[in-house]
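Could you look at this predicted model? Sequence included:
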Amino acid sequence: MDVASPMGRVQTWLAKFEDALTKPDTEALKGLFAKDCYWRDLVAFTWNIKTMEGRDAIADMVNACQPHEHGRNFQIEGDANEADGITDAWITFETDKVRGKGHIRLNDEGCWTLLTSAQELKGFEEAKGPRRERGVKHGADPDRETWSEARAREAAELGYKTQPYVVIIGGGQGGIALGARLRRLNVPTIVIEKNDRPGDSWRKRYKSLCLHDPVWYDHLPYLPFPDHWPVFAPKDKLGDWLEMYTKVMELNYWTRSTCQSASYDEATGEWTVKVDRDGEEVTLKPKQLVLATGMSAFPNMPDLPGMDSFKGEIQHSSQHPGPDAYKGKKVLVVGSNNSAHDICAALWENGADVTMIQRSSTHISRSDTLMDVALGALYSEEAVANGIDVNTADLIFASIPYKVLPAIQKPGCDEMKRRDKEFYDRLEKAGFQLDFGADDTGLFMKYLRRGSGYYIDVGASELVADGKIKLARGQVVEVTPTGVKLDSGAELEGDLIVFATGYSSMNGWAAKLISQEVADKVGKCWGLGSDTPKDPGPWEGELRNMWKPTQQDALWFHGGNLHQSRHYSQFLALQLKARAEGLETPVYGLQEVHHKG
């Protein structure tokens, strides 16, 4: 083989890499990487979600992990490619415990980025494809148990006669996706959901709510949406899909159930989880507890002077039922991000006199432009036609280290500004305060850094630009009997005030359900440590505490959008399965705590 060809170059590098790993030869290993280099590992070596930045960090991880994981058999999968001075290829590999898949990018100095991800545990593979269950036992059996009888027995016994290994608090998209992964891995799991039906976390939101991310980005594990599914699913349609999914995937899903408290016994390695199950008190004793309460589940409701004096109605956006009761009413919506825009637009359509109160600058991305510029290469009909299925797209996205993502996102943001200049000019002329992120890197970086501060425009921004949705700017300092007072001194009248003021950190649920001490021990969830607004440093390199071990033994956080719930549920499920089977899982680079909340 031509060693100068893309295939030859990658194969040569992999052979030298494996040789340096197995000797081990730290100096040779470091010499294979570029000066600016990254190795992102999803569970395979570190039993963590961890990015090593630089040669020394990579060498330190290898010295710590390779002696007990024994990474080997690195092979190219498919073809290697070369473009713009970068050679890249998909790879497969194995360790003592996992079979993995990865991705490599080489530049003229050596390896620039390396992704390694655990795909399955040896000896504990999912029963799929040639390993699928037969489903029937041929022959005569007077004690035969039908599928429905077995399911009914399991549902009756789990949590009572037998205990789950995992309890997931929160039965929205995150809890459902993780529950499906664990079901496929045969890990006894109960999902706790407060609502009456799966999918109600979507159904019970304001009636105009729909997904702002396109269908190709939003599939659940194992069961992609059918090819006639709308690009942007309405909330009730998505709710019905989630309900169907829990049945088809055979989840042990407790509705009308709320977690009252949880405590961990360090000596026994066991949680005590007290649950109100439709009026019945049940005590569960899982080994692992997952908070899948979502980024948008702990409402951030301000406590302002005068709120008790207001003669009208006050709601948080999570409580807003929709516009039907407010035709002809004056409505004040405090906030200017996704929920605020959606609620304002629906109220205007229904004949309300609506004013948006913008407290700080907001990033706006037009949906069509975002799909074309930012998502089209990986998540689109074109991507599917090019052979990029959702799992491949997820790994491509995961192969880009967070450290280099801003430089990749900025040109796309610049292109969006160029394409939609007239639109942005009209918004600013209407008085709307725009931003494009702290460093002009746009929506994705804002989402990863702080989870707020943006709106994907599906029409509401036109109403703002046209003045149909009125606009006020400033901080609300007081609620009066008839409305609100801003820090500018301006007073606005309203019959309804909707506080679209977002949600607090997920570890707020740890404080509520477990203790403030545990919440402080775990620290802030989400954010990268970018030292930008609402994402204080130091640099973390990964999202804080998400889908990986925390400082509290056996406590995990799972959440994010549908894409993240789908993709990272795989790696969280593998970590939980390994522990359920008693495998050694020495965690490298456990999350440090720099911020309590």
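Thanks, I have it.

what pairs with the residue nearest to Leu492 when sequence neighbours are not counted across the strands?
In space, and not counting its chain neighbours, Leu492 is closest to Gly483: 4.8 Å by Cβ to Cβ, 6 or more residues apart in numbering. Glycine gets a C-beta too; all of them are placed from N, C-alpha and C. Counting by DSSP bridges, Gly483 forms beta bridges with Thr480, Glu493.

surely Gly483 meets Gly494?
Yes: with contact defined as Cβ atoms under 8 Å, Gly483 counts as touching Gly494 (4.7 Å).

does the spatially most central residue of the chain count as helix, strand or coil?
If you average the C-alpha coordinates of the chain and look for the closest C-alpha using Cα atoms, centre = their mean, you land on Gly560, 2.3 Å from that point. Assigned state for Gly560: coil (three-state reduction, DSSP: H, G, I helix; E, B strand; the rest coil).

go on, the one 3 residues further on?
Reduced to three states with three-state DSSP, the structure at His563 is helix.

That one contacts Trp216, correct?
No: with contact defined as Cβ under 8 Å, His563 does not reach Trp216; the gap is 9.7 Å.

Which of these two has more residues huddled nearby?
Residue environment comparison for His563 versus Trp216 gives the larger neighbour count to Trp216, 25 against 19, counting by other Cβ atoms under 10 Å.

Which residue, other than its chain neighbours, is closest to that one?
For Trp216, the spatially nearest residue (Cβ to Cβ, 6+ apart) is Tyr379, at 4.1 Å.

what's around the one you found, how many residues?
Using other Cβ under 10 Å, Tyr379 has 24 neighbouring residues.

cool, and Tyr588?
Burial of Tyr588 is recorded as 17 neighbouring residues (other Cβ under 10 Å).

Quick one: residues contacting it.
Residues touching Tyr588, when contacts are defined by Cβ atoms under 8 Å, 6 or more residues apart in numbering, comprise 45-48, 50, 61, 64-65.

any chance you could map the helices in the stretch 1-150 of the chain?
Taking DSSP state H, counting those that start in this stretch as the criterion, the stretch 1-150 of the chain carries its helices at 6-22, 26-31, 55-69, 147-157.

buried residues in the first one?
This points to helix 6-22. Buried residues in helix 6-22, defined by neighbour count with 16 or more other Cβ atoms under 10 Å: 6-7, 9-11, 13-14, 16-18, 20-21.

Not counting sequence-adjacent ones, nearest residue to Cys525?
If the residues on either side of it in the chain are set aside, Cys525 comes closest to Met506, at 4.1 Å by Cβ to Cβ, 6+ apart.

For the stretch 301-450 of the chain, give me the ranges with low pLDDT.
The model of the stretch 301-450 of the chain has no residue with pLDDT under 70.

now the helices: where do they sit in it?
338-349, 367-370, 381-385, 390-398, 405-419, 421-429, 443-450.

Show me what the helix or strand containing Cys259 pairs with in its sheet, parallel or antiparallel.
Take DSSP states H and E as the rule and Cys259 turns out to sit in strand 257-265. Taking DSSP bridges as the criterion, strand 257-265 forms sheet pairs with strand 270-277 (antiparallel).

and stretch 131-149, what's its mean pLDDT?
Within the predicted structure, the mean pLDDT of stretch 131-149 is 85.

first to last residue in it, what's the distance?
Across stretch 131-149, the terminal residues are separated by 23 Å (Cα to Cα, to the nearest Å).

Report the buried residues of it.
When burial is assessed from 16+ other Cβ under 10 Å, stretch 131-149 yields no buried residues.

ok so, going back, with neighbour numbers in mind, choose between Gly483 and Gly494.
For Gly483 and Gly494, the more surrounded residue by other Cβ under 10 Å is Gly494, and the numbers stand at 25 against 21.

quick revisit: just the buried residues out of the contacts of Tyr588, in PyMOL syntax.
Buried subset of the contacts of Tyr588, written as a PyMOL selection, criterion 16+ other Cβ under 10 Å:
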select buried, resi 45+46+47+48+50+61+65
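
circling back: identify the residues contacting the residue nearest to Cys525.
For Met506, the contact set (Cβ under 8 Å, 6+ apart) comprises 291, 293-295, 297-298, 525-526, 545, 557, 559.

again with Ile104
10, 13-14, 88-89, 91, 111, 113-115.

for Thr392, same thing?
When contacts are counted by Cβ under 8 Å, 6+ apart, Thr392 touches no other residue.

what do you get for Asn63?
Asn63 neighbours (Cβ under 8 Å, 6+ apart): 24, 26.

swap the cut-off to 10 Å and go again
Residues touching Asn63, when contacts are defined by Cβ atoms under 10 Å, 6 or more residues apart in numbering, comprise 24, 26, 29.

which one among those gets closest to Arg131?
Taking Cβ to Cβ as the measure, Arg131 sits nearest to Pro24 out of these, at 34.5 Å.

can you give me the strands for the stretch 1-150 of the chain?
Counting by DSSP state E, counting those that start in this stretch, residue ranges of the strands within the stretch 1-150 of the chain are 33-42, 49-53, 72-83, 86-94, 98-107, 110-121.

Dump these to TSV, plus distance to Ala438 and mean pLDDT.
As requested, the strands of the stretch 1-150 of the chain are arranged in TSV below (distance: least, Cβ to Cβ, whole Å; pLDDT from 0 to 100):
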stretch	distance to Ala438	mean pLDDT
strand 33-42	22	98
strand 49-53	20	98
strand 72-83	30	96
strand 86-94	28	98
strand 98-107	27	98
strand 110-121	24	98
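
From the opening residue of stretch 96-114 to its closing one, how far?
Using Cα to Cα, the gap from the first to the last residue of stretch 96-114 comes to 20 Å.

Against Val522, how distant is Ala554?
The gap separating Ala554 from Val522 is 12 Å, by Cβ to Cβ, to the nearest Å.

For those two, work out which one has more neighbours and name it.
Regarding Ala554 and Val522, a neighbour count based on other Cβ under 10 Å identifies Val522 as having more, with 26 against 19.

before we move on, the earlier item: who wins for proximity to Val464 among the helices of the stretch 301-450 of the chain?
The closest of those to Val464 is helix 421-429. By Cβ to Cβ, the value is 6.4 Å.

What's the local residue count around Ile314?
17.

go on, Leu223?
The tally of other residues near Leu223 (other Cβ under 10 Å) stands at 13.

how about it, secondary structure?
coil.

any idea which element the nearest residue to it once chain neighbours are set aside lies in?
Here the nearest residue to Leu223 in space, its sequence neighbours aside, is Tyr245; by Cβ to Cβ, 6+ apart that works out to 6.3 Å. Using DSSP H and E, the secondary-structure element containing Tyr245 is helix 235-248.

Show me what that helix is packed up against.
helix 173-184, helix 200-203, strand 253-254 (3 or more Cβ pairs under 10 Å, 6 or more residues apart in numbering; DSSP states H and E).

and the shortest one, what's its mean pLDDT?
If I follow you right, that is strand 253-254. Average pLDDT, strand 253-254: 98.

Check the first one too.
Mean pLDDT, computed over helix 173-184, is 97.

could you give the angle of it to helix 235-248?
Taking axes from the mean of the first three to the mean of the last three Cα atoms, to 10 degrees, one finds that helix 173-184 is oriented at 20 degrees with respect to helix 235-248.
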